[in-house]
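Visitor: Structure for this input, please:
(2 chains)
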Number of protein chains: 2
Amino acid sequence: MRQYLLIPGPTPLPREVLEASSKQMLNHRGPEFGKILAEALAALRRVFMTRNTVIPFASSGTGGLEAAVVNLCSAGDTVIAVTGGNFGDRFAAIAQAFGVNVERVDVPWGEAVDPAAVRAALRRSPQAKAVLVTHSETSTGVRHDVGAIASFVRETPALMVVDAVSSLGAIELRTDEWGIDVVITGSQKALMAPPGLALVSVSDRAWAATKTATLPRFYWSFDRMKADLGETSASTPFTPAMSVVFALHAGLRLLEAEGIERRFERHRRVAAAVRAGVAALGLRLLPKPEHSSETVTAFWPPDGIAPNAILDAMRAKHGVVVAGGVGKLAGKIIRFGHLGWIEDDAILTGLRALETELRNAGADAGRGAEAAAREILVGAPA
Amino acid sequence: MRQYLLIPGPTPLPREVLEASSKQMLNHRGPEFGKILAEALAALRRVFMTRNTVIPFASSGTGGLEAAVVNLCSAGDTVIAVTGGNFGDRFAAIAQAFGVNVERVDVPWGEAVDPAAVRAALRRSPQAKAVLVTHSETSTGVRHDVGAIASFVRETPALMVVDAVSSLGAIELRTDEWGIDVVITGSQKALMAPPGLALVSVSDRAWAATKTATLPRFYWSFDRMKADLGETSASTPFTPAMSVVFALHAGLRLLEAEGIERRFERHRRVAAAVRAGVAALGLRLLPKPEHSSETVTAFWPPDGIAPNAILDAMRAKHGVVVAGGVGKLAGKIIRFGHLGWIEDDAILTGLRALETELRNAGADAGRGAEAAAREILVGAPA
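Guide: As a prediction, the model looks like this:
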């Protein structure tokens, strides 16, 4: 049975990316690999919409979050962190693990932060070294308005640091225009590569901060990583995840062929289609629609229906793999991922499977999820 | 032109491994991936020759070294480190970066440490938390005798920690029998997978040490990583480098089909063949032959010959990629890697290319490198 992978990453990989993943090894310090890595980093700068250096760590996205903390902060520093989801909480927990004082701007799971609350926190803690915000909070399907937050953070000494692991390349994020100092993403989300690389852009203000930050660091050192990242040939001090770099290089080529602005638009459309399908079933979104992420849609099952049984049936009978809840929402919600390389077919199959299995479970749910989504995807009635 | 990659990692990958690298993504928290990861970890325990848990970090091997330091030590602790090569120096530098006091047992580059010198250092620093030793010092081609060192370290409170990044699965290393507490390796060396995973085995003594070690850690936390590593299904708290896990799973299957003892023997034979070829050319090894690593052979070029010009010609004219020196040996030596998946053909082609290009450079070198190596490889005169 064909598998339809509709989780918020790792995402299905296009054929070109899978082929690139199986390229034979090269000398990681030689000219061929140096050119591939340099080209990938140049493409990444365009996708990040920045002129800043982008650093490629061999790690998961969480490694990139840790790198941001240890390069920018000293023990005893204060940071402001937007929490209220698994990944916002994680970013705060990393800072705390390193002895950084975390002022939380906590929002209920499923709500977007009010930028005014972050501004108030900055007024209370004007010495804050950084503001940590998750762009797309994958655990709740919420998009936080990092543009609005950056617009006042940039006027303060605090650095604006954005976890864009599940958004970059899919949801509008204009690093330089918005004045974001550090942006972290992972290879396995909208960039259409396998997991294994964390990618981190670093502004001049952030580089300046690294000079006085005293948290211990070696593997995550921005300075050490930057040393040999040239324009035409790049290398890293520690062996890079080469097959993931090959794949990322191929994925970025596809991404740029589509175009970044068209990509933002496509993710908006696909997310709207999934929301329309969910609405047709009479199901309630976890976030308000206007705060719902373009890469993952989180919604409640019908009353009295256990989501995990639905997910199991979707997987076993339809080959459709969607995600349940995590953290305090484990076993409570369903999350439909739709980022990177998604074919309309997969979205429609996923909604059809959901509708069928809700009905099989005896749920009092609506009908016509597929048709509602199709109308938005193809711009015409089914 | 076919490329013959004869560097000490990343190593060429067998067809089965390349195919596995291009497997489509799965749910990283689902049952299919859980089984693949659990099977790979079970195979790794056999290759590590241990019953200890093996932890898979998404990182380069250096990340595994950092993980060992931050899980075992507190700031102000003392460790004893064998230095005298790029990687021994790196391990010491990591410990120092985290505020650990490093007592160096320094050996000249190209020499193996005298175990008695480590024993003396332990007597001078009986409070030492750990002894850090590089098994195969890739920068100098030296194999340190970790078995002999472990035999007395295990009688003390100090933990025995071995960087086996370029040795595990190729050079005899009996983790449990020798009493080694922490062994670190990387996916891209003898295990025949792409780079992107650090693999770390942790003994009961080492787990006990993590309870009192206070260095800050999040991404590298052994505890956090171990939580869901089950016997039949395994998952990691942060997205694993899935395509590298697929590849590693395939590489381990090939490794186990060959058999670990036969593998040790094959690497001994191949290393002897390369040394015989180098000797036929009248070239001098950097280490004493009895300390020469089974995974990389380091030797001096003929007097008056710049190795990098030879390497360039070997690459351009023969497709043979061997390594030069690093650190204080940069531009001074040649390093011939031979670990993991190496065909006799590649070794012989490499030696032939070396001989030809030395002659083209006007070097006063011997002849018959290929024949000397072939005699050892196939056990009969050419």
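Visitor: Please report phi then psi for A:Leu173.
Guide: Dihedral angles of A:Leu173 (phi, psi; degrees, to the nearest 10) stand at phi -150, psi 110.
Visitor: correct me, but it touches A:Val133?
Guide: No: in this structure A:Leu173 lies outside contact range of A:Val133 using C-beta atoms under 8 Å: 11.3 Å. Every C-beta, even on glycine, is put in place using the N, C-alpha and C of the backbone.
Visitor: Pull up the residues of the stretch 251-382 of chain A that are close to chain B.
Guide: When proximity is defined as C-beta under 8 Å from any C-beta of the partner chain, the stretch 251-382 of chain A approaches chain B at A:315, A:321, A:323.
Visitor: got TSV for those, with secondary structure and neighbour count too?
Guide: Converted to TSV, these look like this (DSSP: H, G, I helix; E, B strand; the rest coil; neighbours: other C-beta atoms under 10 Å in any protein chain shown):
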residue	secondary structure	neighbour count
A:Arg315	helix	20
A:Val321	strand	22
A:Ala323	strand	23
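Visitor: can you redo those residues as TSV with pLDDT?
Guide: Below are those laid out as TSV (pLDDT from 0 to 100):
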residue	pLDDT
A:Arg315	97
A:Val321	97
A:Ala323	97
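Visitor: Which single one of the residues you listed is nearest to chain B?
Guide: Lowest distance from chain B to these (C-beta to the nearest C-beta) belongs to A:Val321, with 5.0 Å.
Visitor: beta partners for that closest one?
Guide: With beta bridges defined as DSSP bridges, A:Val321 has these partners: A:Leu5.
Visitor: Look up phi and psi at the residue most central in space within chain A.
Guide: Here the mean C-alpha position of chain A is nearest to the C-alpha of A:Ser166 (C-alpha atoms, centre = their mean), at a distance of 1.1 Å. With angles defined as degrees, to the nearest 10, A:Ser166 sits at phi -100, psi 20.
Visitor: From chain B, how far out is it?
Guide: 11 Å (C-beta to the nearest C-beta, to the nearest Å).
Visitor: pLDDT weak spots in the stretch 251-382 of chain A?
Guide: For the stretch 251-382 of chain A, the stretches with pLDDT under 70 are A:380-382.
Visitor: try it again with 80
Guide: Regions of the stretch 251-382 of chain A meeting the criterion pLDDT under 80 cover residues A:379-382.
Visitor: out of the residues of the stretch 251-382 of chain A next to chain B, who's nearest B:Arg367?
Guide: Distance ranking of these against B:Arg367, using C-beta to C-beta, places A:Val321 first at 61.5 Å.
Visitor: quick one, what contacts the closest one?
Guide: With contact taken as C-beta atoms under 8 Å, 6 or more residues apart in numbering or on different chains, A:Val321 is in contact with A:3-7, A:314-315, B:26-27, B:30.
Visitor: Would you mind finding the longest helix in chain A?
Guide: The residue-count maximum for a helix in chain A (DSSP state H) belongs to helix A:260-280.
Visitor: Show me what it is packed against.
Guide: Applying 3 or more C-beta pairs under 8 Å, 6 or more residues apart in numbering or on different chains; DSSP states H and E, one finds that helix A:260-280 makes contact with strand A:296-299, helix A:344-360, helix A:369-378.
Visitor: residues of stretch A:69-86 that come out buried?
Guide: A:69-73, A:77-86 (16 or more other C-beta atoms under 10 Å in any protein chain shown).
Visitor: and the helix or strand harbouring A:Val102, what does it pack onto?
Guide: When secondary structure is defined by DSSP states H and E, A:Val102 falls within strand A:101-106. Under the contact criterion of 3+ C-beta pairs under 8 Å, 6+ apart, the helices and strands touching strand A:101-106 comprise strand A:78-83, helix A:86-97, helix A:115-124.
Visitor: Can you show me the strands along chain A?
Guide: For chain A, the strands defined by DSSP state E cover A:4-6, A:53-58, A:78-83, A:101-106, A:130-134, A:136-137, A:142-143, A:159-163, A:182-186, A:197-202, A:296-299, A:320-324, A:334-337.
Visitor: Just say which of these is most tucked in.
Guide: Across these, averaging neighbours per residue (mean count of other C-beta atoms under 10 Å in any protein chain shown) puts strand A:136-137 on top, at a mean of 32.
Visitor: Establish whether that one and chain B are in contact.
Guide: No: using C-beta under 8 Å from any C-beta, we find that strand A:136-137 stays clear of chain B, coming within 15.0 Å at best.
Visitor: Can you list the strands that that strand pairs with?
Guide: Sheet neighbours of strand A:136-137, with direction, are listed as strand A:142-143 (antiparallel) (DSSP bridges).
Visitor: now the partner strand: how far from the chain's centre is it?
Guide: Using C-alpha atoms, centre = their mean, to the nearest Å, the mean C-alpha position of strand A:142-143 is found 11 Å from that of the whole chain.
Visitor: For that strand, give the mean pLDDT please.
Guide: Averaged over strand A:142-143, pLDDT sits at 98.
Visitor: Contacts for it, please.
Guide: When contacts are defined by C-beta under 8 Å, 6+ apart, strand A:142-143 is touched by residues A:85, A:110-112, A:135-137, A:167, A:171, A:286-287, A:291-294, A:298.
Visitor: what about A:Phe91, neighbour count?
Guide: A:Phe91 sits with 27 neighbouring residues when counted by other C-beta atoms under 10 Å in any protein chain shown.
Visitor: any idea how far it lies from A:Ala68?
Guide: 8 Å (C-beta to C-beta, to the nearest Å).
Visitor: Residues that sit against both of the two, list them.
Guide: In the contact map built from C-beta under 8 Å, 6+ apart, the residues linked to both A:Phe91 and A:Ala68 are A:Leu132.
Visitor: Near chain B, which residues of the stretch 1-150 of chain A are found?
Guide: Taking C-beta under 8 Å from any C-beta as the criterion, the stretch 1-150 of chain A approaches chain B at residues A:3, A:5, A:7, A:9-13, A:18-19, A:21-28, A:30, A:57-63, A:66, A:93-94, A:97-99.
Visitor: In ChimeraX, select just the buried ones from those residues.
Guide: Those of those that meet the burial criterion (16+ other C-beta under 10 Å) are gathered into one ChimeraX selection, given here:
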select /A:3,5,7,9,10,11,12,13,18,21,22,23,24,25,26,27,28,30,57,58,59,60,61,62,63,66,94,98
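Visitor: Filter the residues of the stretch 1-150 of chain A next to chain B down to the ones in helices?
Guide: Judged by DSSP H, those include A:18-19, A:21, A:61-63, A:66, A:93-94, A:97 as members of helices.
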